[in-house]
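*Asks:* coords below, sequence missing:
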């Protein structure tokens, strides 16, 4: 597994991936993070991920075209795939997301899977909001969620 840190408007991001694709995008990378010993600093292996993220933060990219290799249960994978279908600049509720995967009663499970997303931003879990239109919890912090939604033009103060 290769890793690198990427400066961003949200603070440093930790990226990790291998030949299968990106496994992790972790916010709060300025906080102590114990990297597995087997991980190696990336040469150019994560350059494309960094380039596309830089374009996104500059407002020049709405969709990512990357190989992703997030590890999770079949249900989590299903939710993460559904997250990638939420268009840039729009939001939906956890209920909407549950409905979109054909499991309308699984709202809490969808929320849990959403929170376990290891590739934030690229798998846009920030686009899911409460059914009453409020910003709800976000693994990277509600402030970062709001910044991402503002960047995409879907959340205005």
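*Replies:* Sure, I can see it. Since this is a predicted model, take the numbers as computed values, not measurements.
*Asks:* and the residue nearest the centre of the chain, what does it touch?
*Replies:* Centrality entry for the chain: nearest residue to the mean C-alpha point is residue 120, 1.5 Å, by C-alpha atoms, centre = their mean. For residue 120, the contact set (C-beta atoms under 8 Å, 6 or more residues apart in numbering) comprises 25, 26, 27, 126, 139, 140. For the C-beta atoms, the positions are set from N, CA and C on the backbone; glycine is no exception.
*Asks:* try it again at 10 Å.
*Replies:* Listed by C-beta atoms under 10 Å, 6 or more residues apart in numbering, the contact partners of residue 120 are 10, 13, 24-27, 83, 126, 138-140, 144-145, 148.
*Asks:* pick the one among those closest to residue 57.
*Replies:* Among the contacts of residue 120, residue 10 lies closest to residue 57 (C-beta to C-beta), at 8.3 Å.
*Asks:* tell me the SS of the closest residue to the closest one other than its chain neighbours?
*Replies:* For residue 10, ignoring the flanking residues on the chain, the nearest one in space by C-beta to C-beta, 6 or more residues apart in numbering is residue 144 at 5.0 Å. Classification of residue 144 using DSSP: H, G, I helix; E, B strand; the rest coil returns helix.
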